[in-house]
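Enquirer: Give me a 3D structure for the following:
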Amino acid sequence: MTQAARAPRSTARRGLTVQGWCQLMAGVMTVLVVVAGVAGVVLFRTTQDTSDQLTDHVAPARVAAVTLQSALLDQETGVRGYVISRDTEFLQPYTQGLTTERQASTTITRLVGHRPALVQDLTALEEAAGNWRRQYAEPIVAATRAGRTVSPTTVDGSKTAFDHLRALMTAQNAHFDTDSAQLRHRLDTDETVRDATFAALLVLFLLTGAALMVLARRNVGRPLESLRLSARQVAGGDFARRIPAAGPRDIRDLGEDVESMRETVVAALTAAREQQAKLSDQAVELQRSNAELEQFAYVASHDLQEPLRKVASFCQLIEKRYGDQLDERGTQYIAFAVDGAKRMQVLINDLLTFSRVGRHYDAREPVDLGAALGKALANLEAVAEETHADIERPRDLPVLTGDPTLLTMLWQNLVGNAIKFRVPDTAPHVRIDCVRDEDGMWLLTVTDDGIGIAPEFAEKVFVIFQRLHTRDAYEGTGIGLAMCKKIVEHHGGRIWLDTTRAQGTRVCFTLPAEDAPARHDAPRTTEGTPA
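Expert: Predicted coordinates:
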C-alpha cells in the first residue's frame, strides 16, 4: 500500500467510532429526557396542587357551607313553626339543625382553615347565629313552652337578626364562588402551560431525533450499507468481489476483517474442493466394499450352509451305521458335532437377517401397529398356548410409516422374549401399552412378570450375540434385542429397559407419530390362554 493511500485511512481512524456516535446521540437524548422530566414533574405538581385545592378542599367546603346554611334555615323554620303551632315536634328541625351546624362548621374549618377570607366568613356567620339563638330563638322557645305569648317586637327582632344571617350566607357563598373561580382559572392556566411545554418538548425531541438520524445515516448507515451489500454478494457466490473499508474507524476495521475472512473462505473452498474430490473416490470405494459385503452375506446364507448340512448329515449317518460300535463318549461327541453345526446354521441365518435390516427390508408405507402385533402373536400362538401365556394388548394401536415386516419382527422378538424368560412353572403375563409422550412420539412398552434383567446389564442386552444365560437354560443366539434395537433406530426411535422395575422386565421404545389423533386410550383385549 502506498503512502498516499494510507493517509486517508489514518485520518478516518481519528474520527468517532460507531459506539462514539451512539454515545453522542444517547447523551443528547439523555439531556433532553432529564430536562423534560424535570419540567414535567414541576408542571405536574403545580397542576396537581391547584386541582387538589379545588377538588379536595374548596369544593367539599362549599358543600359543607350549603349544609351549614340549610341547618340554620331549619333552625329558624323550627322556631317559627313551634311558636305558631306550639307542637314540640316542630322543634326537631331546630335540634337537628344545631347538630348539623356544628358538624358542618368543623368540616369547613378542617378543609379551608388555611384560607383567611373563608375562615372569616365562617366566624362571622357562627357569631351571628349564636347571637340570634341567645337573643331571640331560645327566649322565644322558652316563652312558648311556658305558655306565654311572644311579643311582636321580639318576633320582628328575630326576623331582623336572621335577615342579617342571610346576608352573611350570601357573602359566604360569594367568597366561595370567587375562590372557586380563581382556582379554576389557575388550573386552566397551569394546564395550558403544561400542554404547551410538553408540545414544545415533543417538537424538540422530534427535531433532535431527525437531526441525529441524518447524522447517523450519513456517517454510519451508508458505510454499513455498502459493507452489507458487498458481503451479501460474496455470500451469494461472488467470491472475487472485494469488501470495501470506509466510514468510522471500527466499521473500517470490520470491513478489513471481513475482507480477510473472504480471503480465508476462498482458500478454504479451494481446499474443500480438493477434499471433495478425495471423498468422491472414497464413496466409490465404500460402494464397492458394500457390494462385497452383500456378496459375503449371499455366500454366508448359501455356500456356507451346505458344508454345515453335510457335517450334520454325515455325523448322523455315522451314528446310525456305527452306533453299535461306538461307546457312550463317541456317541456324545457325534451329538456335539451335530449340535454345533445346527447352531452355526442358526447363527448364520440370524446374522444374515440382522444385516438385511435397512437394506432388504426398507419399505416406507403406512403400517397399522395393531395388525403387525396381530401377525406376531399369530406366529407365537403355539408357544403362547403351550405356556398358557396371558397377553394383554390395546384394542387399537396407531398407524405410522415404516416397514411392516420389520415391525412384525420387532413385536415377535419382544413378546417372544417375554414368554421365553418366564419364571419356571408359572404362566407368563405380558402387557402391551401405548401412550403419546411429551415429544409427540408414540411410547410403547412390553411388560412381563418373568425373571427380569439386572440394571447393570441394561445396555449389554442390546449388543449382538450377548447372552445372560447358558444355552442349556434358555435357547437362542442372543440376537433378538439387538435386532429390535436396529429396527427401532431404523424407524427413527429409540429403545431401552426400564431399570426401576423390581420384578419382571419392561422394554420401552418410541416410534415417530403421524398427524393422527391418539388412540392409546381405547379398551384393551386379552390374547392367549389365561393362567
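
Enquirer: Against residue 390, how distant is the residue nearest to the spatial centre of the chain?
Expert: Nearest residue to the geometric centre of the chain (C-alpha atoms, centre = their mean): residue 438, 14.7 Å. According to C-beta to C-beta, to the nearest Å, residue 438 stands 31 Å off from residue 390. The way it works is simple: take the backbone N, C-alpha and C, and place the C-beta from them, glycine included.

Enquirer: And residue 376, by the same measure?
Expert: Distance from residue 376 to residue 390, by C-beta to C-beta: 16 Å.

Enquirer: can you pull the contacts of the residue nearest to the centre of the chain?
Expert: For residue 438, the contact set (C-beta atoms under 8 Å, 6 or more residues apart in numbering) is empty.

Enquirer: That one belongs to a helix?
Expert: No: going by DSSP: H, G, I helix; E, B strand; the rest coil, the assignment for residue 438 is coil, not a helix.

Enquirer: Use 84 as the first number for this chain going forward.
Expert: In the new numbering, first residue 84, that becomes residue 521.

Enquirer: what about residue 453, how many residues close to it?
Expert: Neighbourhood size, residue 453 [other C-beta atoms under 10 Å]: 17.

Enquirer: contacting residues around it?
Expert: Contacts of residue 453 were listed using C-beta under 8 Å, 6+ apart, and they are 477-480.

Enquirer: quick check, nearest of those to residue 455?
Expert: Residue 455 lies nearest to residue 480 out of these, by C-beta to C-beta, at 8.3 Å.

Enquirer: So the closest one sits against residue 450, correct?
Expert: No: at 9.9 Å, residue 480 does not count as touching residue 450 under the criterion of C-beta atoms under 8 Å.

Enquirer: Helices of the stretch 484-614 of the chain, residue ranges please.
Expert: With helices called from DSSP state H, counting those that start in this stretch, the stretch 484-614 of the chain shows them at 487-503, 563-573.

Enquirer: Mean pLDDT, distance to residue 334 and mean neighbour count for those - can I get that in a markdown table?
Expert: Formatted as a markdown table, those follow (pLDDT from 0 to 100; distance: least, C-beta to C-beta, whole Å; neighbours: other C-beta atoms under 10 Å):
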| stretch | mean pLDDT | distance to residue 334 | mean neighbour count |
| --- | --- | --- | --- |
| helix 487-503 | 88 | 59 | 22 |
| helix 563-573 | 85 | 50 | 20 |
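
Enquirer: so can I have TSV of these showing distance to residue 182?
Expert: Below are these laid out as TSV (distance: least, C-beta to C-beta, whole Å):
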stretch	distance to residue 182
helix 487-503	94
helix 563-573	92
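
Enquirer: Please identify which of the ones you listed is closest to residue 318.
Expert: So among the helices of the stretch 484-614 of the chain, helix 563-573 is nearest, using C-beta to C-beta, at 36.8 Å.

Enquirer: could you give the angle of the closest one to helix 487-503?
Expert: If you take axes from the mean of the first three to the mean of the last three C-alpha atoms, to 10 degrees, helix 563-573 sits at 140 degrees to helix 487-503.

Enquirer: Quick one: distance of stretch 336-346 to the chain centre.
Expert: 40 Å (C-alpha atoms, centre = their mean, to the nearest Å).

Enquirer: Out of the helices of the stretch 484-614 of the chain, which is closest to residue 179?
Expert: Proximity to residue 179 (C-beta to C-beta) singles out helix 563-573 among those, at 93.1 Å.

Enquirer: Only C-alpha atoms, please: export that closest one in CSV.
Expert: Taking C-alpha atoms only, helix 563-573 is exported to CSV below (Å, rounded to 0.1, in the frame of the first residue of the first chain):
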residue,chain,number,x,y,z
GLY,A,563,-33.2,-60.8,19.4
LEU,A,564,-32.9,-57.5,21.4
ALA,A,565,-30.0,-56.4,19.1
MET,A,566,-32.4,-56.9,16.1
CYS,A,567,-35.1,-54.9,18.0
LYS,A,568,-32.7,-52.0,18.6
LYS,A,569,-31.7,-51.9,15.0
ILE,A,570,-35.3,-52.0,13.8
VAL,A,571,-36.4,-49.2,16.2
GLU,A,572,-33.5,-46.9,15.3
HIS,A,573,-34.1,-47.6,11.6
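
Enquirer: By mean pLDDT, flag the weakest helix or strand of this protein.
Expert: helix 86-95 (a mean of 41; mean pLDDT, DSSP states H and E).

Enquirer: ranges for the strands of this structure?
Expert: Using DSSP state E, the strands of the chain run over 448-451, 473-477, 482-485, 512-519, 525-531, 578-580, 588-594, 607-611.

Enquirer: mind putting these in CSV, mean neighbour count and mean pLDDT included?
Expert: Listed next are those as CSV, based on neighbours: other C-beta atoms under 10 Å; pLDDT from 0 to 100:
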stretch, mean neighbour count, mean pLDDT
strand 448-451, 14, 89
strand 473-477, 21, 90
strand 482-485, 18, 89
strand 512-519, 19, 92
strand 525-531, 21, 92
strand 578-580, 18, 90
strand 588-594, 21, 92
strand 607-611, 16, 50
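
Enquirer: Cool, thanks, talk later.
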